[in-house]
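S.K.: Sequence first, then the predicted structure:
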Amino acid sequence: MGLLDSVLGQVLGGAAQQQQQPQGGGMGDLGGLAGALGGLLANNGSAGGLGGLVSKFEQAGMGDVIGSWIGKGENQPVSGGQLQDALGSDTIASIASRLGINAQTLLPMLATLLPVLIDQLTPHGKVPEQGLGDQSDLLSSLGGLLQNRQP
């Protein structure tokens, strides 16, 4: 999981600083963010791993968008609304609830985070054959990384 740790360290370090609010919202719980990402990217997660996420985007007519994140070259942007269409309102609501934030706060964060994360996790321009591992593997890796990043 060294690559995943490295990528998330770079991506989440900046995203967490941008998303933490002075009022002290749920984004301070970065372990919840690790769980949410694990649920989206893990082979046994709710989305069916990275391959399942690709399928969801394709079904929503956005295969070219996620394909740009995986392939070499510039990443196409995605809006919060497009993410909600691809992932579904129930998935977004579940992640937001887990983090203690609302969907309007979550969606822009995911729109920034997912393209960079997926791009970095697919350096050879394709989805890894074995996926990214099961949720317990990802949660363990992500949880340790995020705990070390909290101030």
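M.R.: Alright, I've got the coordinates.
S.K.: Count the neighbours of Thr105 for me.
M.R.: Other residues within reach of Thr105, judged by other C-beta atoms under 10 Å, total 17. In short, each C-beta sits where N, CA and C put it, glycine included.
S.K.: Mind pulling the model confidence for it?
M.R.: With respect to pLDDT, Thr105 has a value of 92.
S.K.: for the helix or strand it falls within, which positions count as buried?
M.R.: Using DSSP states H and E, Thr105 sits within helix 103-121. For helix 103-121, the neighbour count (16 or more other C-beta atoms under 10 Å) marks 103, 105-107, 109-121 as buried.
S.K.: just stretch 87-97 next, same as before
M.R.: Leu87, Thr91, Ile92, Ile95, Ala96.
S.K.: Please flag which of the residues you listed sit within helices.
M.R.: Leu87, Thr91, Ile92, Ile95, Ala96 (DSSP state H).
S.K.: Strands along this protein, start to end?
M.R.: Applying DSSP state E to the chain gives no strands.
S.K.: Return the helix or strand in it with minimum mean pLDDT.
M.R.: Across the helices and strands of the chain, mean confidence by mean pLDDT, DSSP states H and E is lowest for helix 2-19: a mean of 49.
S.K.: for stretch 84-93, how far is the first residue from the last?
M.R.: Counting by C-alpha to C-alpha, to the nearest Å, you get 9 Å between the two ends of stretch 84-93.
S.K.: repeat for stretch 94-114
M.R.: Stretch 94-114 end-to-end distance (C-alpha to C-alpha) = 17 Å.
S.K.: just stretch 41-49 next, same as before
M.R.: Using C-alpha to C-alpha, first and last residues of stretch 41-49 are 4 Å apart.
S.K.: Stretch 71-80 now?
M.R.: 21 Å.
S.K.: can you check stretch 83-102 too?
M.R.: Terminal-residue distance, stretch 83-102 (C-alpha to C-alpha): 15 Å.
S.K.: Please list the residues outside stretch 66-73 that contact it.
M.R.: Contact with stretch 66-73 is made by 53-54, 57-58, 74-76, 114-115, 118-119, 122, 125-127, as judged by C-beta atoms under 8 Å, 6 or more residues apart in numbering.
S.K.: Done for today, thanks.
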